[in-house]
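J.: Quick one: sequence and predicted model below, then my questions.
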Amino acid sequence: MSWKWEYAFGAEETARTAPAPFLAVVARKADELVRAAEALHVHGRAHEGLDPKGGDILVPGGMFTYQVVVRSERVYVVQITYLGF
């Protein structure tokens with residue numbers, strides 16, 4: 001398994017209605033989070049202990065909330081907020 005990101009919970013539903021340029025920015029930032037998590041947690045599947053705290057990322061047009069699950073080698077985008085600015 002290799003590190004990836006994906007939408008979780010209601011974020012997938014929001015992604016269906018948000019504008020494509022906004023979602024492209026979210027995807028680029030999520031890709032950056034995946035690269036950082038992969039570099040920090042080289043042996044992700046063998047990880048023991050707690051997962052790191054997630055966070056909020058501000059992007060042009062809104063923000064998104066993410067969570068890293070190391071043993072699954074995933075970054076989950078759990079909420080997307082499109083504000084249109």
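T.: Nice, I can see it. Source: prediction; values computed, not measured.
J.: next SSE after the lowest-mean-pLDDT helix or strand in the chain?
T.: In the chain, the helix or strand scored least confidently by mean pLDDT, DSSP states H and E is helix 11-17, which has a mean of 86. Later in the chain than helix 11-17, the nearest helix or strand by DSSP states H and E is helix 20-40.
J.: tell me the contacts of the residue nearest the centre of the chain?
T.: Geometric centre of the chain, nearest residue: Val77, 3.7 Å, by C-alpha atoms, centre = their mean. If you count contacts by C-beta atoms under 8 Å, 6 or more residues apart in numbering, Val77 has them with 5-8, 11, 26, 30, 64-66. (C-beta placed from N, C-alpha, C; glycine too.)
J.: Please tell me how far it sits from Gly49.
T.: Plainly put, Val77 is 23 Å away from Gly49 if you go by C-beta to C-beta, to the nearest Å.
J.: again with Ala30
T.: For Ala30, the distance to Gly49 - C-beta to C-beta - is 24 Å.
J.: Of the two, give the one with the bigger neighbour count.
T.: Ala30 (20 against 7; other C-beta atoms under 10 Å).
J.: what's the pLDDT at that one?
T.: pLDDT, Ala30: 97.
J.: who touches the closest residue to Gln67 other than its chain neighbours in this structure?
T.: Counting by C-beta to C-beta, 6 or more residues apart in numbering, the nearest residue to Gln67 once its immediate chain neighbours are dropped is Gly54, at 3.6 Å. Gly54 sits next to 65-68, 78 when contact means C-beta under 8 Å, 6+ apart.
J.: Out of these, list just those in helices.
T.: Secondary structure defined by DSSP state H assigns none of the contacts of Gly54 to helices.
J.: Between which two of the residues you listed is the distance greatest?
T.: In the contacts of Gly54, the most distant members under the criterion C-beta to C-beta are Thr65 and Val68, with 11.7 Å between them.
J.: between the two, which one's more packed in?
T.: Val68 (23 against 17).
J.: Relative to Glu48, how far out is Gly56?
T.: Slight slip there: residue 56 is Asp, not Gly. For Asp56, the distance to Glu48 - C-beta to C-beta - is 27 Å.
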